[in-house]
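S.K.: A predicted structure for the sequence below; I have some questions about it.
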Amino acid sequence: MTYQISVCYRKPDDAAAFEEYYRSTHIPLTEKVPGLSGFTWGLCRSLDGSEPDFFAVAQLQFATEAELQQALASPEMRAAGKDVRNFATGGATMFVQDLETVRAG
């Protein structure tokens, strides 16, 4: 089983500034989180062409629950979490998931 932190970002005041800051500052901060086994993110588009509820979504993955818990308690995670307020002007929702693979490949 994989353990994942998902971060759903709402539309920021300045999309270009969000993307620049995220790539140049926030990603390097997040990559320092101990136990991180996977990190993906992407901008959102709706299937019907309407404006999606979220601007972007990031997923941080951990191989074990112990690694997830260690990461959540780490100073590196606290630094990345505090950094969100520097670019996520539309707000963000964060949650943890225990992922179950139904089909791979």
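M.R.: Now that the structure is in, tell me what you want to look at.
S.K.: Which strand or helix spans residue 88?
M.R.: For residue 88, there is no enclosing helix or strand under DSSP states H and E.
S.K.: Surely it is in contact with residue 18?
M.R.: Yes - using Cβ atoms under 8 Å, residue 88 is in contact with residue 18, at 7.3 Å. Using the backbone N, CA and C atoms, a C-beta is placed for each residue, glycine as well.
S.K.: what touches both of the two?
M.R.: 9, 12 (Cβ atoms under 8 Å, 6 or more residues apart in numbering).
S.K.: got the residue ranges for the strands in this structure?
M.R.: 2-9, 36-43, 56-62, 92-99 (DSSP state E).
S.K.: can I get the ones you listed in a markdown table with mean neighbour count?
M.R.: Formatted as a markdown table, the strands of the chain follow (neighbours: other Cβ atoms under 10 Å):
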| stretch | mean neighbour count |
| --- | --- |
| strand 2-9 | 19 |
| strand 36-43 | 14 |
| strand 56-62 | 20 |
| strand 92-99 | 13 |
